[in-house]
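# model this:
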Amino acid sequence: MSGRHTHGGRPHRHDPENGDEIPVEPMPRRIAPGVLEIDTLLGGWERVTAGYLIEGSAPVLVETGSQTSVPILLAALDRIGVGPEELAGVAVTHIHLDHAGGVGDVARAFPAATVYVHEKGARHLADPTRLIDSASRVYGSLLDSLYGRLDPTPAERLHVLEDGEEIVVDTDRVLVAIDSPGHAKHHLGLHDSLSGVLFAGDAVGVKLPDGGVLRPSTPPPDFDLDQALHSLGKFAERRPTGIALAHYGLLEDPVALLAEADETLRQWAETAEQAYGAGVDIADALSARFDPLMGDIDPAHQVKLDTMNGIHSNAAGFRRWLETRAEPGAAGGH
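Down below sits the predicted model:
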């Protein structure tokens, strides 16, 4: 059989008899005791979006990925041996489509699963009309070609997680919810009591295995610097054994990682604020300072990074934060 390769960003191999493309689904990978990483292959790209299955008598899936990733995700869960009645919970760190776009489909496929979400995101999972309308303005044609949409989840299937609340996975295992706004107001971290791994969503940033250094993720409309830094502090206080990013994978040495995330975010904010004050384009200023730190990146990997965590999206988030902060009566306003 011919080897595995990509073109158009989609990993595949070819049927040796007729030459047809056969999608390649990476095997779920054990990254910690009772924790399986599932590559949800957004856009066919490997190691860009991850979901995590937490094993136990009441297993919980953390992140579904986008709606376009649902077939890959369901195939992976079937391969692991998680039947339709066996998944007890689906938890999303926040409701952005690359994390929660598959929730409605997954809830339908696993009718016994409770869907766990932040209080400020729950209504959008029940009625995604406004979320999809907003996403369509942001993503344009990429909404359908890359992400897909979001099917509603019945309200009675949703469980709003409070800060510090525990999701029971087994007699000796819980996931502790950590209210962690900054990237988004509806963001939660989830800390596994057994392995010690903290599932950080986008609150720590993005670090693709093929894409260089850790970069913050500061999209509009909710980015808030003070909240983001406070959330990093809350993560550090829990003393996790590792940090699992949605983009992408388990990173060890969490003390150093969280310190790096804090310092990097402050540097980006400083650059954005200086540019804003000087009337300079924020995206240009961020690119000039931080792009050289990425080193030489394969153009295909640069496309992944720009799609998941582009300079212009981050710059727009900083601009929105700076404009909001400057409004009369705003906390910290001038």
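
# can you give me every residue that contacts T49?
The neighbourhood of T49, defined by Cβ atoms under 8 Å, 6 or more residues apart in numbering, consists of 39-42, 63, 65-66, 69, 98-99, 246-248, 308. Bear in mind the C-beta positions are built from the backbone N, C-alpha and C, glycine included.

# do H183 as well
Contacts of H183 by Cβ under 8 Å, 6+ apart are H94, G201, D202, A203, S217, T218, P219, D222, F223, A228, S231.

# quick check: the farthest pair among those residues?
Within the contacts of H183, two members stand farthest from each other by Cβ to Cβ: P219 and S231, at 15.1 Å.

# centre of the chain to the helix ranked longest in the chain, how far?
Secondary structure assigned by DSSP state H gives helix 254-278 as the longest helix of the chain. Chain-centre distance of helix 254-278: 20 Å, with Cα atoms, centre = their mean, to the nearest Å.

# for the record, mean pLDDT for the following helix or strand past that helix?
Counting by DSSP states H and E, the next helix or strand C-terminal to helix 254-278 is helix 282-290. What helix 282-290 shows for mean pLDDT is 96.

# state the distance from the residue nearest to H118 when sequence neighbours are not counted to L208.
Nearest residue to H118, sequence neighbours excluded (Cβ to Cβ, 6 or more residues apart in numbering): H186, at 4.2 Å. Distance, H186 to L208, by Cβ to Cβ, to the nearest Å: 24 Å.

# what are the boundaries of the helices in this protein?
Taking DSSP H as the criterion, the chain carries its helices at 70-80, 97-100, 103-109, 119-126, 129-139, 142, 225-237, 254-278, 282-290, 299-309, 311-326.

# please identify the deepest-packed of those.
helix 97-100 (a mean of 27; mean count of other Cβ atoms under 10 Å).

# what about that helix, distance to the chain center?
With Cα atoms, centre = their mean as the basis, helix 97-100 stands 7 Å off its chain's centre.

# contacts for it, please.
With Cβ under 8 Å, 6+ apart, helix 97-100 has contacts from 42, 49, 63-67, 92-94, 117, 121, 125, 131, 135, 143, 147-150, 201-202, 246-247, 308.
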